[in-house]
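Participant: show me the folded form of this:
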Amino acid sequence: MADEVLVIANGAAAPVIAVGAGESRAIALRVVSRGDGAHAAAVRITVAEGGRLELFESYEGQGSYLAQTSLVLELAAGAAVERLVLAEEDPEGVAVSDAEVRLSADASFGQTVLVSGARRQRIETRVGHPGGHAQLRLDGAYLLSGKRHADITTVVTHQGVDGVTGQLTKGVVRDQARGVFQGRIVVAEGADRTDARMGHHALILSDRAEVDAKPELEIYADDVSCAHGNTVGALDEDALFYAEQRGIPADEAKALLTEAFVGEVADRIGHDGAREIVRAWLAERLRG
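Facilitator: Sure thing, here's the model as predicted:
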């Protein structure tokens with residue numbers, strides 16, 4: 001899918017990515033960690049007016065490393081970015097990725113983050129939203145097992161009128177895993193006619209698994225349409241019973257219901273290739 005593949009190995013060779021006005025690029029950015037040391041990398045990405053970028057970002061590792069990757073993404077007026085993040089860290093690794101996104105009027109930024117956890121794993125995204133009909137989608141899913149930990153954190157600050165944000169995060173935890181979701185949307189004074197919606201929903205599939213969720217809305221403007229929701233629970237016993245009555249084995253029924261639960265995250269992706277990657281990633285881990 002990508003026209004270019006860029007690799008950051010243990011913090012080395014962090015690139016600067018620039019997409020010109022009206023230009024369209026598809027880039028795969030691989031962040032690879034090896035060994036037991038600590039390393040950091042900083043990436044800067046700019047998309048000029050009317051430019052388009054498909055960014056396929058992956059994190060992989062082996063060892064008990066400590067890794068930090070910082071990204072700054074700047075979108076000019078009318079620019080569009082589709083960002084897909086796949087984080088497959090070592091169970092003994094500690095990894096942090098933090099992104100600062102700066103939107104301009106009429107820009108569009110869509111993000112889907114998929115994580116499988118690590119000893120400690122955090123994916124953080126902070127967005128400065130100018131309003132001006134800019135469109136923002138921040139979605140994610142975490143599928144955790146063993147003793148893995150994952151934290152998806154987002155902060156969106158609406159600073160002008162007529163801004164749109166849609167956010168959906170879903171999680172599935174089992175064994176002794178722990179999932180954390182922290183989502184915060186701030187509508188500043190004067191950011192009228194903001195439309196911002198956030199949802200977080202998680203399934204806990206064992207007694208010792210844990211989910212901590214903190215969705216927040218701070219509204220200082222008038223004439224806004226904002227909402228947030230949060231649910232944490234188990235699979236629907238009635239749905240499981242119905243599936244088993246239809247001749248579907250219990251394990252397969254659980255997998256099908258769980259896949260349907262998280263599949264909504266994939267359905268929201270407008271880019272066909274990215275949507276299929278997400279569906280395949282979810283299916284592989286849920287049925288493996």
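Participant: show me where the stretch 151-288 of the chain has its strands.
Facilitator: With DSSP state E, counting those that start in this stretch, the ranges of strands along the stretch 151-288 of the chain come out as 164-173, 178-187, 195-204, 210-219, 225-233.
Participant: what's the spacing between the fourth one and its chain's center?
Facilitator: Right, the one you point to is strand 210-219. Relative to its chain's centre, strand 210-219 lies at 15 Å (Cα atoms, centre = their mean, to the nearest Å).
Participant: just give me the residue right at the centre of the chain.
Facilitator: Centroid-nearest residue in the chain, with Cα atoms, centre = their mean: Val113, separated by 2.3 Å.
Participant: wait, is it part of a strand?
Facilitator: Yes. Applying DSSP: H, G, I helix; E, B strand; the rest coil, one finds Val113 inside a strand.
Participant: can you name the residues bridging to the residue lying closest to it once chain neighbours are set aside?
Facilitator: Residue nearest to Val113 in three dimensions, not counting chain neighbours: Gly140, with 3.8 Å by Cβ to Cβ, 6 or more residues apart in numbering. Just so you know, the C-beta spots here come from the backbone N, C-alpha and C atoms, and that holds for glycine as well. Beta bridges link Gly140 to Val113, Thr169 when assigned by DSSP bridges.
Participant: got it, and Leu86?
Facilitator: Leu86 forms beta bridges with Ser58, Leu114, as assigned by DSSP bridges.
Participant: next up, the contacts around it.
Facilitator: Shown in contact with Leu86 (Cβ atoms under 8 Å, 6 or more residues apart in numbering): 56-59, 114, 277, 281.
Participant: can we see that at 10 Å?
Facilitator: Contact partners of Leu86, counting by Cβ atoms under 10 Å, 6 or more residues apart in numbering, are 30, 56-60, 112-116, 277-278, 281.
Participant: neighbouring contacts of the helix or strand of the chain with the lowest mean pLDDT?
Facilitator: Using mean pLDDT, DSSP states H and E, the weakest-scoring helix or strand in the chain turns out to be helix 237-245, at a mean of 72. The contact list for helix 237-245 (Cβ under 10 Å, 6+ apart) reads 234, 236, 248-250, 252-254, 256-257, 260.
Participant: quick one: that helix to chain centroid distance?
Facilitator: Distance, centroid of helix 237-245 to centroid of chain: 31 Å (Cα atoms, centre = their mean).
Participant: okay, strands next: where are they in the stretch 1-150 of the chain?
Facilitator: 4-9, 16-19, 24-34, 38-47, 52-62, 66-75, 80-88, 94-102, 108-115, 120-129, 135-144, 149-158.
Participant: got CSV for those strands, with mean pLDDT and distance to Arg184 too?
Facilitator: Shown next, in CSV, are those (pLDDT from 0 to 100; distance: least, Cβ to Cβ, whole Å):
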stretch, mean pLDDT, distance to Arg184
strand 4-9, 96, 28
strand 16-19, 96, 27
strand 24-34, 97, 25
strand 38-47, 97, 23
strand 52-62, 96, 22
strand 66-75, 98, 19
strand 80-88, 96, 19
strand 94-102, 97, 14
strand 108-115, 96, 16
strand 120-129, 98, 9
strand 135-144, 96, 11
strand 149-158, 98, 5
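Participant: state the phi and psi torsions of the closest residue to Gln159 other than its chain neighbours.
Facilitator: Nearest non-adjacent residue to Gln159, counting by Cβ to Cβ, 6+ apart: Ala188, 5.2 Å away. Geometry field for Ala188 lists phi and psi as phi -70, psi 160, criterion degrees, to the nearest 10.
Participant: so who does Ala188 touch?
Facilitator: Residues near Ala188 by Cβ under 10 Å, 6+ apart: 129, 131, 157-160, 194, 218-221.
Participant: any chance of the strands of the stretch 1-150 of the chain in a markdown table, with distance to Gly183 too?
Facilitator: As requested, these are exported to a markdown table (distance: least, Cβ to Cβ, whole Å):
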| stretch | distance to Gly183 |
| --- | --- |
| strand 4-9 | 27 |
| strand 16-19 | 27 |
| strand 24-34 | 24 |
| strand 38-47 | 23 |
| strand 52-62 | 20 |
| strand 66-75 | 19 |
| strand 80-88 | 16 |
| strand 94-102 | 15 |
| strand 108-115 | 12 |
| strand 120-129 | 10 |
| strand 135-144 | 8 |
| strand 149-158 | 5 |
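Participant: out of those strands, which is closest to Val265?
Facilitator: The closest of the strands of the stretch 1-150 of the chain to Val265 is strand 135-144. By Cβ to Cβ, the value is 4.8 Å.
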